[in-house]
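Chemist: need a structure here:
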Amino acid sequence: MSSREEDVRVNGDHQLVADGGVNGEGEGELEAVMEQLAPEGVRALHARVEAEWGPVLQSACQTAAARALWATAVRDPAAGVLAGEKHLRGLHDKMRRDERAGAREVPGVMIAVRTLWFDARIEAAVGNLGGSPQVVLLGAGMDARAYRLSCLKECTVFELDFSELLEMKSDILHEAISSANHQKLTMMAKSLIRVPADIRDVGWMTKLQSCGYVPERNTIWVLEGILYYLHHVHAMQVLETIAACRASACTVLLADFMNKNATALSQTMYHFYHDSPDLLLPSIGFSQAMLSQIGDPQAHFGLLNHPQNLFDKLRRLPRSMEINPEDGTPCRRLYLVEASASPDDHTIL
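Modeler: Below you'll find the predicted structure:
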């Protein structure tokens, strides 16, 4: 990440920008989703979101807006209706202003790349584990993977987040699906279970199990845009709780981490960081950890086309380098990490 990142909160991240190499991105997408937001019930629910939710909860809608406006890359038919008009228009207007100014950075592209990386790794993990693994989305926000990833057709998906967010999400989808304005939204997952819980509380795993999670079944844990919101003690408790599941079944963890410099983007919002998550995770019980950065071959998806895009510049620097020698700015990084463990591993803690 670079000093030219913007302070727009998206799903617990500030909206980090990079070159998208697109012209007119978002115009058609905005028009398409506006019809879905026409029903009075949907508009009334989003009015409550704007009036009652703080910035952390509203950031879930901002992430959905980025996915909706990058629909040429991210297929998420529910994103627009979950985002709401305020967040869609806000991001769309920012994209237009930057295009008119000739900016090489296009808002939302980091969210698009990150979303596609998680999608690809979920699909690969489902295939590698075989059978019907459980998929647990911690801090699920306005995620709609249960409705859009066909690889989940034999999987039970658990969405865990604050109760008020999950209730609102369910109500918005119900109103939208019931309306003639909305396209049909089909459940792709075998089943979807929403679990109201706060992962900062020590009892979140108990709540998850009470809703049907089975520790003895292979599980894919998805922590997208959530860890850096937590204080160190809570983030480590979550990671160690997931690592402990390896004693009963195969465990795959997919998560993104900020480095220390990145958390300085908002010291009131961001707390947990790690400069070497690929070393941290094996130390708590995972046998393998693979790390990518935005712009790497497995985290590019053809969306970073400008030869001078900032993520490519950053990833060419050693990870130990804290200051970019080219311009003197802090090296702010987002790491995409996949880790795994199983009962057959003999990692010594």
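Chemist: and the strands in the stretch 1-150 of the chain?
Modeler: Secondary structure of the stretch 1-150 of the chain (DSSP state E, counting those that start in this stretch): strands at 9-10, 13-14, 134-138.
Chemist: check which residues of stretch 119-129 are buried.
Modeler: Residues 119, 121-122, 125-126, 129 are the ones in stretch 119-129 that count as buried (16 or more other Cβ atoms under 10 Å). Heads up, the C-betas are built off the backbone N, CA and C, glycines and all.
Chemist: for the protein, which residue occupies the most central location?
Modeler: In the chain, the residue lying closest to the centroid (Cα atoms, centre = their mean) is E224, at 3.4 Å.
Chemist: show me the shaky parts of the stretch 51-200 of the chain.
Modeler: Across the stretch 51-200 of the chain, residues meeting the criterion (pLDDT under 70) sit at 102-105, 180-183.
Chemist: residue ranges of the helices in it, please?
Modeler: With DSSP state H, counting those that start in this stretch as the criterion, the stretch 51-200 of the chain has helices at 55-69, 79-83, 85-100, 109-129, 145-148, 163-178.
Chemist: of these, which is nearest M258?
Modeler: helix 109-129 (12.1 Å; Cβ to Cβ).
Chemist: relative to strand 134-138, how tilted is that closest one?
Modeler: 150 degrees (axes from the mean of the first three to the mean of the last three Cα atoms, to 10 degrees).
Chemist: tilt between helix 109-129 and helix 55-69?
Modeler: 80 degrees.
Chemist: output the contacting helices and strands for helix 109-129.
Modeler: Using 3 or more Cβ pairs under 8 Å, 6 or more residues apart in numbering; DSSP states H and E as the contact test, the elements touching helix 109-129 are helix 55-69, strand 219-223, strand 251-258, strand 334-341.
Chemist: can you tell me which of the buried residues of stretch 119-129 lies nearest to D201?
Modeler: Lowest distance from D201 to the buried residues of stretch 119-129 (Cβ to Cβ) belongs to I122, with 25.8 Å.
Chemist: show me the contacts for that closest one.
Modeler: 135, 145, 149, 151-152, 220, 222, 254 (Cβ atoms under 8 Å, 6 or more residues apart in numbering).
Chemist: for the spatially closest residue to V33 that is not a sequence neighbour, what are its contacts?
Modeler: The spatial neighbour of V33 that comes closest, neighbours along the chain excluded (Cβ to Cβ, 6 or more residues apart in numbering), is G80 at 2.7 Å. By Cβ under 8 Å, 6+ apart, the contact set of G80 is 29, 32-34, 36-37, 64-65, 68, 88.
Chemist: format the residues you listed as JSON lines; extra columns: distance to S320 and neighbour count.
Modeler: Compiled in JSON lines, these are given as follows (distance: Cβ to Cβ, whole Å; neighbours: other Cβ atoms under 10 Å):
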{"residue": "E29", "distance to S320": "40", "neighbour count": "21"}
{"residue": "A32", "distance to S320": "45", "neighbour count": "14"}
{"residue": "V33", "distance to S320": "43", "neighbour count": "25"}
{"residue": "M34", "distance to S320": "47", "neighbour count": "14"}
{"residue": "Q36", "distance to S320": "47", "neighbour count": "22"}
{"residue": "L37", "distance to S320": "47", "neighbour count": "20"}
{"residue": "A64", "distance to S320": "36", "neighbour count": "29"}
{"residue": "A65", "distance to S320": "35", "neighbour count": "33"}
{"residue": "A68", "distance to S320": "38", "neighbour count": "28"}
{"residue": "L88", "distance to S320": "40", "neighbour count": "26"}
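Chemist: of these, which is the nearest to V195?
Modeler: Among the contacts of G80, A64 lies closest to V195 (Cβ to Cβ), at 19.7 Å.
Chemist: strands along the stretch 151-300 of the chain, start to end?
Modeler: All strands of the stretch 151-300 of the chain, identified by DSSP E, counting those that start in this stretch, fall at 156-161, 191-196, 219-223, 251-258, 288-293.
Chemist: neighbours of the nearest residue to P343 once chain neighbours are set aside, how many?
Modeler: Distances taken as Cβ to Cβ, 6+ apart place A247 nearest to P343, at 6.1 Å, with adjacent residues excluded. The number of residues packed near A247 is 14, by other Cβ atoms under 10 Å.
Chemist: A247 reaches A341, doesn't it?
Modeler: No. Using Cβ atoms under 8 Å, A247 is not in contact with A341, being 9.1 Å away.
Chemist: between these two, what contacts are shared?
Modeler: By Cβ under 8 Å, 6+ apart, no residue touches both A247 and A341.
Chemist: I'd say D278 and S292 touch.
Modeler: No. With contact defined as Cβ under 8 Å, D278 does not count as touching S292 (9.9 Å).
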